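Undergrad: my questions are about this predicted structure, shown below with the sequence.
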Amino acid sequence: MSTLEIRDLHVEINPGDDAPIEILKGVNLTIKSGETHAIMGPNGSGKSTLSYAIAGHPKYTVTKGSILLDGVDLQEMSVDERARAGLFLAMQYPVEVPGVSMSNFLRSAATAVRGEAPKLRHWVKEVKESMGELDIDKTFAERSVNEGFSGGEKKRLEILQLGLLKPKIAILDETDSGLDVDALRVVSEGVNRYKERENGGILLITHYSRILRYVEPDFVHIFAAGRIVESGGKELADELEKNGYERFIKAAV
Ligand code: ADP
Ligand code: MG
Ligand code: MG
């Protein structure tokens, strides 16, 4: 049983030469094992900033509040330590790593997270099975990480990582963006398998209620202007679908 607890989180972005800008303005959120939380919000409301801040991206500075995983403050930890502690972040824009094959990349990631290298024979079998479940072609194992992958292929590979790394809490930032119906179904099934097998806690960030037809949320949070402005159940997503964000944006300012 794990808990990710975000308390009154304020985050600034440091654009470099310009003065820092406050993006997150007091986010409160608690995610437990087995729970799926959807965060929905308009473009630019700070959803990705929230996921980067949790993951420990150096460009984002926490100026107030706390992020605790099972009572331990993540702010004291490096990005790698956070992963070892059981956090997983699927990036909205996954990176390309030329010259490193998917299979080596995945094994290094698993080694880092598990603290020892998975036995090669078991590992190959595990990866093969997981790739099969996600309809990922065998040839992908030998291709460079994300190089030349289509948007949908990158998303499938994120979910492949999710299944292999078995985190306690997974943050999926727009995992549904740019997917066709078939890919959306395959990716959603992967998320649901992770839920069932690992009893994982999920933070699912999305613009659209489309993915919530496949991945059932226990809680839906509306995000606007850097914080959660309303929380509820699945019916909130249905309301959004019908009426858009206007009501929530008005309430936020
Ligand atoms: P969302 O994921 O909800 O679309 P983001 O967290 O990506 O929102 O962005 C929140 C706000 O932070 C936006 O107004 C965006 O323009 C701003 N922002 C993000 N990255 C930078 C940056 N590198 N420099 C300046 N502003 C940024
Ligand atoms: Mg965006
Ligand atoms: Mg975003």
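TA: Arrived safely. Ligands and ions are numbered 1, 2, ... in the order given.

Undergrad: so what sits opposite residue 7 in the bridge?
TA: residue 66 (DSSP bridges).

Undergrad: mind listing what it touches?
TA: Residues counted as contacts of residue 7 (Cβ atoms under 8 Å, 6 or more residues apart in numbering) are 28, 65-68. Backbone N, C-alpha and C define where each C-beta goes, glycine included.

Undergrad: roughly how far apart are it and ligand 1?
TA: As judged by Cβ to the nearest ligand atom, to the nearest Å, residue 7 and ligand 1 stand 19 Å apart.

Undergrad: what's in contact with the biggest helix by length in the chain?
TA: The residue-count maximum for a helix in the chain (DSSP state H) belongs to helix 181-198. Counting contacts by Cβ under 8 Å, 6+ apart, the residues outside helix 181-198 that touch it are 34, 36, 133-135, 152, 155-156, 159-160, 162-163, 166-168, 170, 172, 175-176, 179, 200, 202, 204, 210-211, 214-215.

Undergrad: now do stretch 245-253
TA: Contacts for stretch 245-253 (Cβ under 8 Å, 6+ apart): 41-42, 222, 224-225, 227, 229-230, 240.

Undergrad: how about 6 Å then?
TA: 42, 222, 224-225, 229 (Cβ atoms under 6 Å, 6 or more residues apart in numbering).

Undergrad: please apply the same query to stretch 124-131.
TA: 160, 163-164.

Undergrad: may I have it as CSV, with CA atoms only?
TA: Written as CSV, here are the backbone C-alpha positions of stretch 124-131 (Å, rounded to 0.1, in the frame of the first residue of the first chain):
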residue,chain,number,x,y,z
VAL,A,124,14.0,-11.5,-22.7
LYS,A,125,10.9,-13.6,-22.1
GLU,A,126,9.3,-10.9,-20.0
VAL,A,127,9.9,-8.2,-22.6
LYS,A,128,8.7,-10.5,-25.4
GLU,A,129,5.4,-11.3,-23.6
SER,A,130,4.8,-7.6,-22.7
MET,A,131,5.5,-6.5,-26.2
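
Undergrad: buried ones in that stretch, by neighbour count?
TA: 126-127, 130-131 (16 or more other Cβ atoms under 10 Å).
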